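S.K.: Any chance you can model this:
(3 chains)
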Amino acid sequence: MYIDVPAFPRGHVAPCAAQEHSDAFCGFPSMPEYLSRFDMLLSEDTAWIVRKSDVLTSIDRDEELLQCKEAGQDYVIDSMAGHRALCVGLSGQTDVEDRCLEQVQSLVLDEVLKDIETACKLLNINPDPAEWSSGHVQKWLLWTEHLYRLPQVGKAFQHLSGSELCVMSEDEFRQRCSSCGDVLFAHLDIWKSGLGSEERCAEADSSCSGQPIHLWQFLRELLLKPHSYGRSIRWLNKEKGIFKIEDSAHVAKLWGIRKNRPAMNYDKLSRSIRQYYKKGIIKKPDVSQRLVYQFVHPV
DNA sequence: TATGAGGATAGCG
DNA sequence: CGCTATCCTCATA
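M.R.: Got it, this is the predicted structure:
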């Protein structure tokens, strides 16, 4: 049985095209990490098969398999070519598992849509790629490149509107960018398919084409998505609103992209944070630590 | 060398 | 005017 889910299988182990980061993490959660969100739905003897998407082709299957085994789970990588299909249970008990899988599917879909909504807010762009101007396309590219640590290839897609981008085939993406065209195509594909429900779309629409976002709101949004941004900024104590900026350059870069300020850096971003001291929005925690701040009014 | 505090100034909706 | 963005000086680790 196969579940067709946008996003998960294509993204989760996308190859790390950027050489600068040699560690295993490529901006995506590992499969075990991702699946751990759904632990409650997985029975111990359930095996998962991930059909190999084109994005997965450059990953060493054995290595991936190993990674999954290390996590103490019984995951299996299917060698079938195919795309964007995730998973499915093997060992037997179909009744219960079918129900579980339906729930997983709905949860995964939900996660994906929420991720896109967040990205819309953070980028201040429309959730529907077809509506993007060439400027929006560049913004999305820049963001995606930084988020997943891909090489910067904005130039290869210059002067392209969202609708033009949407009708491009995967091969055309590859032609424009041999190093990561396939990955970018996969990411765009997630956006293209993430538009199933209209209510969400309308919702996201009103929330993102809004007012200029404030820095503290932006930081909050990043903190809400540890799965995507946890390597750059994370809570040290969520209840007290204490957070730490783990990668100052990266956070500053993302903020710069959001505000269309290519020259943004941590020096300037931190100056803005300090402006919040007297406004009572953010302060240094009682025991001051480097790169650690605290929201005065935690939610 | 990176971070932190805060003054000064300019731009912008 | 509020909210930065930018630049700068001085202090600190």
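
S.K.: count of residues packed around the residue of the stretch 51-200 of chain A found nearest DNA strand B?
M.R.: Residue of the stretch 51-200 of chain A nearest DNA strand B, by CB to the nearest atom of the strand: residue A:124 (12.9 Å). Every C-beta, even on glycine, is put in place using the N, C-alpha and C of the backbone. When neighbours are defined as other CB atoms under 10 Å, residue A:124 has 18 of them.

S.K.: Can you tell me how far it is from DNA strand C?
M.R.: 12 Å (CB to the nearest atom of the strand, to the nearest Å).

S.K.: Dihedrals phi and psi, that residue?
M.R.: phi 60, psi 50 (degrees, to the nearest 10).

S.K.: Can you tell me the closest non-neighbouring residue to the closest residue to DNA strand B within the stretch 101-250 of chain A?
M.R.: Nearest residue of the stretch 101-250 of chain A to DNA strand B, counting by CB to the nearest atom of the strand: residue A:248, 4.3 Å away. In space, residue A:248 comes closest to residue A:266 once its chain neighbours are excluded; the distance is 3.9 Å by CB to CB, 6 or more residues apart in numbering.

S.K.: Repeat that for residue A:175.
M.R.: Nearest to residue A:175 is residue A:181, by CB to CB, 6+ apart, at 7.1 Å.

S.K.: So the one you found is in contact with residue A:173, correct?
M.R.: Yes: Residue A:181 is within contact range of residue A:173, at 3.6 Å (criterion: CB atoms under 8 Å).

S.K.: need the next SSE after the helix or strand hosting residue A:254, C-terminal direction.
M.R.: Following DSSP states H and E, one finds residue A:254 within helix A:248-258. Where DSSP H and E defines the elements, the next helix or strand beyond helix A:248-258 is helix A:266-279.

S.K.: Buried residues in that next one, which are they?
M.R.: A:266, A:269-270, A:273, A:276 (16 or more other CB atoms under 10 Å).

S.K.: show me which of those neighbour DNA strand B.
M.R.: A:266, A:270 (CB under 7 Å from any atom of the strand).

S.K.: List the contacts of residue A:131.
M.R.: A:162-163 (CB atoms under 8 Å, 6 or more residues apart in numbering).

S.K.: any idea how far it is from residue A:285?
M.R.: 42 Å (CB to CB, to the nearest Å).

S.K.: Just give the nearest non-adjacent residue to residue A:161, would you?
M.R.: Nearest one to residue A:161, counting by CB to CB, 6+ apart, is residue A:134 at 5.4 Å.

S.K.: And for that neighbour, the neighbour number?
M.R.: 15.

S.K.: for residue A:226, same thing?
M.R.: Other residues close to residue A:226 by other CB under 10 Å number 15.

S.K.: State the distance from the residue nearest to residue A:248 to residue A:173.
M.R.: Residue A:266 is 33 Å from residue A:173, by CB to CB.

S.K.: Does DNA strand B have contacts with stretch A:135-151?
M.R.: No: interface with DNA strand B: stretch A:135-151 contributes nothing (CB under 7 Å from any atom of the strand), its closest point being 14.3 Å away.

S.K.: now the strands: where do they sit in chain A?
M.R.: A:3-4, A:48-52, A:75-81, A:85-86, A:233-237, A:242-245, A:282-283, A:292-295 (DSSP state E).

S.K.: rank those strands by pLDDT, which is bottom?
M.R.: Least confident of the strands of chain A, judged by mean pLDDT, is strand A:75-81 with a mean of 27.

S.K.: how about the residues of chain A that lie near DNA strand B?
M.R.: A:248, A:266-267, A:270-271, A:274, A:277, A:284, A:288-292.

S.K.: As TSV, the residues you listed with distance to residue A:258 would be great.
M.R.: Shown next, in TSV, are these (distance: CB to CB, whole Å):
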residue	distance to residue A:258
A:248	16
A:266	15
A:267	17
A:270	16
A:271	17
A:274	19
A:277	22
A:284	24
A:288	27
A:289	26
A:290	24
A:291	20
A:292	22
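
S.K.: With distance to DNA strand C as extra columns, can I get those residues in a markdown table?
M.R.: Listed next are these as a markdown table, based on distance: CB to the nearest atom of the strand, whole Å:
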| residue | distance to DNA strand C |
| --- | --- |
| A:248 | 14 |
| A:266 | 11 |
| A:267 | 6 |
| A:270 | 8 |
| A:271 | 4 |
| A:274 | 9 |
| A:277 | 12 |
| A:284 | 12 |
| A:288 | 9 |
| A:289 | 10 |
| A:290 | 8 |
| A:291 | 12 |
| A:292 | 13 |
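
S.K.: Leaving out chain neighbours, which residue sits closest to residue A:239?
M.R.: Residue A:239 sits nearest to residue A:298 (CB to CB, 6+ apart), 6.5 Å away.
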